[in-house]
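Student: have a look at this fold, sequence not included:
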């Protein structure tokens, strides 16, 4: 029996018997749900992160993500199946390593893979025979083969013989009550047949369904397609919103009418811009790799430009609304309702609220915000964040504002209370639909 067969066979047996230890690198909105899925499936997991505050909280049984409740983490610890560490030398203790680190854009909107590269370097330094490394971070096609594998090869071990590599895109949707980590089909591609077999087997242990594909590049391109599809369609309705507004037509009513067609149409909705770690970023990864191969990506880049321009459009509408009652933005009390990037979650990553607030602050607004999910405005990579704390959603707060700007449609934002209390409303999410308001009080944006 060859060494290659031996290492693969040993790892396969460990996975099947649940003796394989799962290592999750990056303990955020992707990493923690993965840990939960595997601990619940009978595995032991180790969490790795460079943030010591996260490590301390987790090892105390505390949380920093709302839908991963403290009792869930305490359950992992009570079962003796979880430990968090910032010591990357301990990467060798895990049999399967899942890379779940951020993949942001640079200032020039090029892929920034510094977190993926530094993680691969740490794994390479600790890599031992019999380990499976899977990249889950969203990225452009070719990253696993051209970036991750060459770094791991510096360990001196041989891919497909001593260690194994695959790619499986994360498909998390925070706040989605219909789908969780374990019930979302898991696309997986391997660097060779053995890598794919092991990775697919690994995901079968905790996921309802796996979707094996022929290569890492196919799996990488799959995630980019999913999010570019959404970005392009959202850009279309955002552009239609601006056109229809000029024509005196309510785009929301138009969409609701169009979606009654039982075929050939899927409803997408406009908003103040795109948020979350994927949709605002992934299309630019694809356009970058297209430029690298001397191919245009005009459609994709245009959608990104339209979506990126929406916060400025919202601020323009705030100015128009305030002007209608004889007030400028400068000095007016403007409250932003919702800074999470989507409804009923505590995740503000890439939220358009940051840009809206930055633009309003630049024009002299007296800013405040309200978000029951986010009590203190957290730092953001690309924006200067004001030191603000959330105000309560109450008639008193709303009455104190010259203008309330709905950026996120949290369920907690009762539209009747909003319409009854706020002097002026700029509604980017159509939350006031169906609520009768005095003429001129509600402005759609």
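Tutor: Nice, I can see it. Since the model is a prediction, treat every value here as computed from it, not as a measurement.

Student: from here on, just use CA atoms for contacts and neighbour counts.
Tutor: Noted.

Student: now do the same contact list for residue 437.
Tutor: With contact set as Cα atoms under 8 Å, 6 or more residues apart in numbering, residue 437 has these partners: 419-420.

Student: can you list the domains in the protein?
Tutor: Domain ranges of the chain: 3-214, 229-444, per automatic domain parsing.

Student: nearest to residue 222, of those?
Tutor: Counting by Cα to Cα, residue 222 lies closest to domain 3-214 out of these; the figure is 8.1 Å.

Student: avg pLDDT for that closest one?
Tutor: Mean pLDDT, domain 3-214: 94.

Student: now that domain, how far from the centre of its chain.
Tutor: In terms of Cα atoms, centre = their mean, to the nearest Å, the centre of domain 3-214 is set 17 Å apart from its chain centre.

Student: so where do the strands sit in this structure?
Tutor: Shown for the chain, the strands assigned by DSSP state E span residues 21-25, 44-48, 82-85, 96-99, 131-135, 163-167, 186-190, 210-213, 333-337, 366-370, 403-406, 425-427, 442-444.

Student: could you tell me the end-to-end distance of stretch 185-200?
Tutor: Using Cα to Cα, to the nearest Å, the end-to-end distance of stretch 185-200 comes to 12 Å.

Student: buried set for that stretch?
Tutor: The neighbour-count criterion (16 or more other Cα atoms under 10 Å) identifies 185-192, 194-200 as the buried residues of stretch 185-200.

Student: one more: stretch 408-427?
Tutor: Those would be 408-410, 413, 415, 418-427, for stretch 408-427 by 16+ other Cα under 10 Å.

Student: can you give me the end-to-end span of it?
Tutor: Using Cα to Cα, first and last residues of stretch 408-427 are 9 Å apart.

Student: same question for stretch 324-337.
Tutor: Taking Cα to Cα, the span from the opening residue of stretch 324-337 to its closing residue is 21 Å.

Student: quick check: buried residues in that stretch?
Tutor: For stretch 324-337, the neighbour count (16+ other Cα under 10 Å) marks 328-329, 332-337 as buried.

Student: what's that stretch in contact with?
Tutor: When contacts are defined by Cα under 8 Å, 6+ apart, stretch 324-337 is touched by residues 318-319, 322, 353, 357, 360, 363-371, 398, 400-408.

Student: try stretch 133-146
Tutor: In contact with stretch 133-146 (Cα under 8 Å, 6+ apart) are residues 96-103, 111, 116, 163-170, 191, 199, 216-218, 220-221, 223-224, 278, 282, 285-286, 289.

Student: I figured residue 252 was touching residue 430, is that so?
Tutor: Yes - counting by Cα atoms under 8 Å, residue 252 sits close enough to residue 430 to count as a contact (7.3 Å).

Student: I'd like the distance between residue 124 and residue 151.
Tutor: According to Cα to Cα, residue 124 and residue 151 sit 7 Å apart.

Student: looking at these two, which is more packed in?
Tutor: Neighbour comparison, residue 124 and residue 151: the larger count goes to residue 124, with 22 against 19 (by other Cα atoms under 10 Å).

Student: and the closest residue to that one other than its chain neighbours, how far from residue 243?
Tutor: Spatially, and ignoring its direct neighbours in sequence, residue 124 is nearest to residue 152 (4.7 Å; Cα to Cα, 6 or more residues apart in numbering). Using Cα to Cα, we find residue 152 at a distance of 51 Å from residue 243.

Student: kindly report the same for residue 199.
Tutor: Spatial separation of residue 199 from residue 243 under the definition Cα to Cα is 48 Å.

Student: mind jotting down where the helices sit in the stretch 51-200 of the chain?
Tutor: Listed from the start of the chain, the stretch 51-200 of the chain has helices (DSSP state H, counting those that start in this stretch) covering 52-59, 70-78, 114-126, 143, 149-153, 193-204.

Student: nearest to residue 387, of those helices?
Tutor: Shortest distance between residue 387 and these, using Cα to Cα, is found for helix 52-59: 20.4 Å.

Student: what residues sit buried inside the closest one?
Tutor: Of the residues in helix 52-59, those with enough neighbours to count as buried (16+ other Cα under 10 Å) are 54-55, 58-59.
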